[in-house]
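Colleague: Below: sequence and its predicted model.
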Amino acid sequence: MTLLGNFALWTALLVALWCAGIAFSGRWRDRPELARAVTRSVYAVLLCLLVASVSLWKGLISHDFNIEYVASYTSRNLPPYYIVSAFWAGQKGSLLFWAVVLSIFASAAQFLTSRRYADLLPYVAGVTSSVVAFFVSVMIFAANPFARLAFTPADGRGLNPQLQNVGMVIHPPMLYLGYISITIPFAFAVAALLSRRLDTGWLHAIRKWTLVSWLFLSIGITLGMWWAYVELGWGGYWAWDPVENASLLPWLTMTAFLHSVMIQEKRGMLKRWNLGLIIGTFLLSVFGTFITRSGVISSVHSFTQSNVGYFFLAFLVAAAVLSFTLLYTRWPLLEAEVQLDSVVSREAAFLFNNLLLVGIAFSVLWGTLFPILSEAVRGTKITVGAPFFNRVNVPLGLLLLALTGVGPLIAWRKASLNNLRRQFVAPGLAGLATLAAFLAAGMRDPYPLIALALAGFVAGTVVQEFWRGVRARVRIHAEAAPVALVRLIGRNRRRYGGYIVHVGILIYFVAFAGMAFKQEREATLKPGQSVDVRSPFGYTYRFTHMGVSQYEALNRVVSAATVEVSRDGKRIGLITSEKRQYVDGLKRPTFEPSTEVGIRSGLREDLYVVFAGSVNGSEEAVYRFNVNPLVWWVWFGGFVLAFGGIVTMWPGGGPTIQARPRRAPVQAGYEVALAGEAR
Amino acid sequence: MNRRRFLQAGAARIGAGALGLSAAAGAAAGMAPLERLLGQQPGQEPLAGQGANGSLRDPDAAGRPLSATTAADNDEAIKQIEQHLHCTCGCNLDIYTCRTTDFSCSYSPELHKEVVALYDSGKTAQQIVDAFVAKYGEKVLMAPPAEGFNLAGYLVPGALI
């Protein structure tokens, strides 16, 4: 199968290069059959890469340990679903996964985009094919997943225990989907620049694609937090690790783009900025890949060090130079149509929101790179860890939360005092009431207090919007309130979907604020002994050690330590945390023993039990007990966010699209919809 | 999930030998009986829980042997200090997080002992941090001190906005 795999990779490379060559030559302008050939070669590349993927999977499933990749990441006793997910567990396989997913997106872009953009599509194909060609050539020349060993080992090395987790089966693909699909909006932006079709047309073509990748990335990041929480065992979900930062960076710039694109649609402003954001987002996603794979920055996520990093660095530099040069040459075509009327307006609020998002992105990037910079300038190695990021980003994040409430309510162009009063009195009171309630409850920590008060304010704005919308429908159409609510959302998906996303963000912030109150306690307990932990909600939890048992499972020896938990004297159940020693087919230990956290999740707080180990090989166990408030709400916030995102991009649309004001001829030329978007 | 795990665990604890659960598990997976895996002699009492405190059959499978928790391990002041110091094992964590998370790390418990020793000798938090910087260099701080060139690290993002 490796022969077929290699053959498929080479074919993919050649076809992709041919496709990019034809696309950028521009010859297809006069020869429609060439344009069709470009589109078809995108499909051909996809076919080749699917063949390559099936070859790799075949190797994994049939335990062909002569293939280096199979021997490195699987073993005979690895459960089947992890054999399937081993496809993206290692450097080489994940490169192939990346290429094949990009190819799927590239084909979807060709297939789904309306024929209105026929003169953009070959350029789009050119960009996507170049990126695919890059990934395939990295595989062929530096990290071939089909490389064979000189001998055949009896068994493979097995999968890292931390990757043997359900979260790890779904989290990387989701994150990759987000990361990879960023290429499509980028390709459309480059295509628009190349073809000089710089009206709002390209914006509509890519808005949904951007939403799609934003959604995948959001889900991927949230799943990553979930995986870190349930698997890594430090009781938190975000540690400002360089790779976490790398996934957050494009998310921030994409969020900025999704907001500023509205200003361009409504007011014809910020064209250069928007193009810059899209290009920046793509470069940041490549940068993220670069730091994950190069070993330049130490991180828990890093793949093994290899020379792949140089390929990515070269690609990053080339992509940056080419796309910014292109932007520069088209600069005069991107003149803003109007100027900012007032700083008290929605444009200004959105502008400020963009500034904050990009500012946060920059500070994260800066902090991630600062150790390298410092070593280069001063020759001293330094660490930039969580305290730095929290110090810089928490205030910025809170400002952003405030704008989440202000942005959607303030009037376009110039807000009158009347507008301000009408929109902000009730939500402002809601925020103050929240603040007063928590102060009365005895909370004194400034950041969580501000976060909760702002959350109250933003919740007030969203409730007010829904309330007014529903009331208007009830009055005008004489509908029942629930019907009115559903129709309200259905008819204004972008607007109300956006509000739902804001609610999701709000829930995240509240949950993050909750984590400031987590309780931690270490204890060494003999069977029957117990320890008390007081929770921030005022409960007293008593953990009683029941004992440690050891048993054998499929590919591991498990040491399970169990505690009985009672809340204020009332028994609520058992929590088991495990130490797992993974073994190979011959029962020899592989990897260091890993820890499985025991979690009892609740709406108020999670009980988080970690079995650290035993004292002198006895049943006397060292435990860490955490009470983590509001963690459940992080995952729930993720659901709300994803739901809002889906509402926003659900095909159909409503009055917001139809009521878009007609503008000067340059703007009015392309009133467009993506395929499947009913007009 | 937890309950199921516990039932398995409980069954193994109470009657691993008598009920032959290990044998069943072993047979299902085509493995050797648990006793052989765990290096037990035939006829030996297969149950865990021997002695006053109970001993594990396979202590190695439960990770590095640990010593009992002391009051210093839960001390809030020490925790605060450790959260500002970087573990030198090559992870990206501070000493506190590393020692309470990565139980295979042999560096963070030693660093923790150093902190505790300095703390017990009556040093203030700042003196302890300074002692660490003197010994391990500036990279032992979780965030660079806001002075000199490092100020750029803190101020540039704000200035750009």
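Modeller: Noted; the coordinates are in hand.
Colleague: Packing partners of whichever strand or helix holds A:P427?
Modeller: Per DSSP states H and E, A:P427 falls inside helix A:417-440. The elements that helix A:417-440 packs onto, with contact taken as 3 or more C-beta pairs under 8 Å, 6 or more residues apart in numbering or on different chains; DSSP states H and E, are helix A:446-477. To be clear about C-beta, it is placed using only N, CA and C from the backbone, and glycine gets the same treatment.
Colleague: For the helix it packs on, what is the distance to the chain centroid?
Modeller: Centroid separation for helix A:446-477 versus its chain: 26 Å, with C-alpha atoms, centre = their mean, to the nearest Å.
Colleague: cool, and stretch A:610-622?
Modeller: Mean-position distance between stretch A:610-622 and its chain equals 37 Å (C-alpha atoms, centre = their mean).
Colleague: quick revisit: what are the contacting residues of the helix holding A:P427?
Modeller: With C-beta atoms under 8 Å, 6 or more residues apart in numbering or on different chains as the test, helix A:417-440 has contacts from A:344, A:405-406, A:409-411, A:449, A:452-461, A:463-464.
Colleague: which residues sit in contact with the residue of the stretch 151-300 of chain A found nearest chain B?
Modeller: Here the residue of the stretch 151-300 of chain A nearest chain B is A:W234; by C-beta to the nearest C-beta that distance is 3.8 Å. Residues near A:W234 by C-beta under 8 Å, 6+ apart: A:A228, B:L93, B:T97, B:T100, B:T101.
Colleague: and those residues, which of them are in helices?
Modeller: By the criterion of DSSP state H, membership of these in helices covers B:T97, B:T100, B:T101.
Colleague: can you pull the contacts of the second one?
Modeller: Right, the one you point to is B:T100. Per C-beta under 8 Å, 6+ apart, neighbours of B:T100: A:W234, A:E520, A:E522, A:V610, A:A612, A:R624.
Colleague: just to revisit the earlier point, which among the ones in helices among the contacts of A:W234 gets closest to chain A?
Modeller: Among the ones in helices among the contacts of A:W234, and counting by C-beta to the nearest C-beta, the member closest to chain A is B:T101, at 3.8 Å.
Colleague: Let's see the pLDDT reported for the closest residue to that closest one other than its chain neighbours.
Modeller: Distances taken as C-beta to C-beta, 6 or more residues apart in numbering or on different chains put A:W234 closest to B:T101, at 3.8 Å, once the chain neighbours are dropped. The model reports A:W234 with a pLDDT of 76.
Colleague: ditto for B:A159
Modeller: Predicted confidence (pLDDT) for B:A159: 67.
Colleague: Let's verify the spatially most central residue of chain A: helix, strand, or coil?
Modeller: Note on chain A: the residue nearest the mean C-alpha position is A:L217, at 2.6 Å, using C-alpha atoms, centre = their mean. Using DSSP: H, G, I helix; E, B strand; the rest coil, the structure places A:L217 in helix.
Colleague: In chain B, what residue comes closest to chain A?
Modeller: At 2.9 Å from chain A, B:P59 is the closest residue in chain B, using C-beta to the nearest C-beta.
Colleague: Need phi/psi at that residue.
Modeller: The phi and psi torsions at B:P59 (degrees, to the nearest 10) take the values phi -60, psi -30.
Colleague: From what I see, it and A:G613 are in contact.
Modeller: No. Using C-beta atoms under 8 Å, B:P59 makes no contact with A:G613, being 9.4 Å away.
Colleague: Up against chain B, what does the stretch 1-150 of chain A have?
Modeller: Those residues of the stretch 1-150 of chain A that sit near chain B, judged by C-beta under 8 Å from any C-beta of the partner chain, are A:N77.
Colleague: Give me the below-cutoff pLDDT ranges for the stretch 1-150 of chain A.
Modeller: Along the stretch 1-150 of chain A, no part satisfies pLDDT under 70.
Colleague: can you give me the helices in it?
Modeller: Assigned by DSSP state H, counting those that start in this stretch, the helices in the stretch 1-150 of chain A fall at A:2-25, A:32-61, A:68-73, A:80-85, A:91-112, A:121-141.
Colleague: okay, those helices in CSV with mean neighbour count next?
Modeller: Converted to CSV, the helices of the stretch 1-150 of chain A look like this (neighbours: other C-beta atoms under 10 Å in any protein chain shown):
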stretch, mean neighbour count
helix A:2-25, 20
helix A:32-61, 20
helix A:68-73, 25
helix A:80-85, 17
helix A:91-112, 22
helix A:121-141, 25
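Colleague: Let me know which of these is the nearest to A:V583.
Modeller: helix A:80-85 (15.0 Å; C-beta to C-beta).
Colleague: contact partners of that closest one?
Modeller: With contacts defined as C-beta under 8 Å, 6+ apart, helix A:80-85 is touched by A:W57, A:L60, A:I61, A:T74, A:L159, A:L163, A:Q164, A:M168, A:V169.
Colleague: let's see 10 Å
Modeller: For helix A:80-85, contacts defined as C-beta atoms under 10 Å, 6 or more residues apart in numbering or on different chains pick out A:57, A:60-63, A:70, A:73-76, A:78-79, A:89, A:93, A:156, A:158-159, A:163-166, A:168-170, A:172-173, A:555.
Colleague: For the residue lying farthest from the centre of chain A, what is the enclosing helix or strand?
Modeller: Here chain A has its C-alpha centre computed as a mean, and the residue farthest from that point, by C-alpha atoms, centre = their mean, is A:G528 with 44.1 Å. Element membership of A:G528, judged by DSSP H and E, is empty: it is in no helix or strand.
Colleague: phi, psi of it?
Modeller: Note on A:G528: backbone dihedrals following degrees, to the nearest 10 are phi 100, psi -20.
Colleague: could you measure it against chain B, distance?
Modeller: Applying C-beta to the nearest C-beta, to the nearest Å, the value for A:G528 to chain B is 10 Å.
Colleague: Kindly report the same for A:K526.
Modeller: From A:K526 across to chain B, the span is 6 Å (C-beta to the nearest C-beta).
Colleague: swap in A:S345?
Modeller: For A:S345, the distance to chain B equals 19 Å [C-beta to the nearest C-beta].
Colleague: Just list the residues touching that residue, thanks.
Modeller: Going by C-beta under 10 Å, 6+ apart, A:S345 touches A:R267, A:L351, A:I410, A:A411, A:W412, A:R413, A:K414, A:A415, A:N419.
Colleague: so B:D58 touches A:G617, yeah?
Modeller: Yes. Applying C-beta atoms under 10 Å as the test, B:D58 and A:G617 come out as touching, 8.6 Å apart.
Colleague: Mind picking the two most distant members of the contacts of A:W234?
Modeller: Using C-beta to C-beta, the contacts of A:W234 span at most 14.8 Å, a distance reached by A:A228 and B:T100.
Colleague: could you pull out the strands for chain A?
Modeller: In chain A, strands defined by DSSP state E lie at A:519-525, A:530-534, A:540-553, A:556-567, A:570-582, A:594-596, A:598-600, A:605-614, A:621-629, listed in chain order.
Colleague: ok so, going back, I'd like to know which of the contacts of A:S345 are buried.
Modeller: Neighbour counting with 16 or more other C-beta atoms under 10 Å in any protein chain shown marks A:R267, A:L351, A:I410, A:A411, A:K414, A:A415 as buried within the contacts of A:S345.
Colleague: Arrange those residues in a markdown table, one row each, with pLDDT as further columns.
Modeller: Converted to a markdown table, the buried ones among the contacts of A:S345 look like this (pLDDT from 0 to 100):
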| residue | pLDDT |
| --- | --- |
| A:R267 | 79 |
| A:L351 | 85 |
| A:I410 | 81 |
| A:A411 | 76 |
| A:K414 | 77 |
| A:A415 | 74 |
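Colleague: Could you measure from the nearest residue to B:L66 once chain neighbours are set aside over to A:W366?
Modeller: Spatial nearest neighbour of B:L66, excluding adjacent residues (C-beta to C-beta, 6+ apart): A:G613 at 4.3 Å. Computed as C-beta to C-beta, to the nearest Å, the A:G613 to A:W366 distance reads 39 Å.
Colleague: Which one's more surrounded, those two?
Modeller: Comparing A:G613 with A:W366 by other C-beta atoms under 10 Å in any protein chain shown, the one with more neighbours is A:G613, at 25 against 19.
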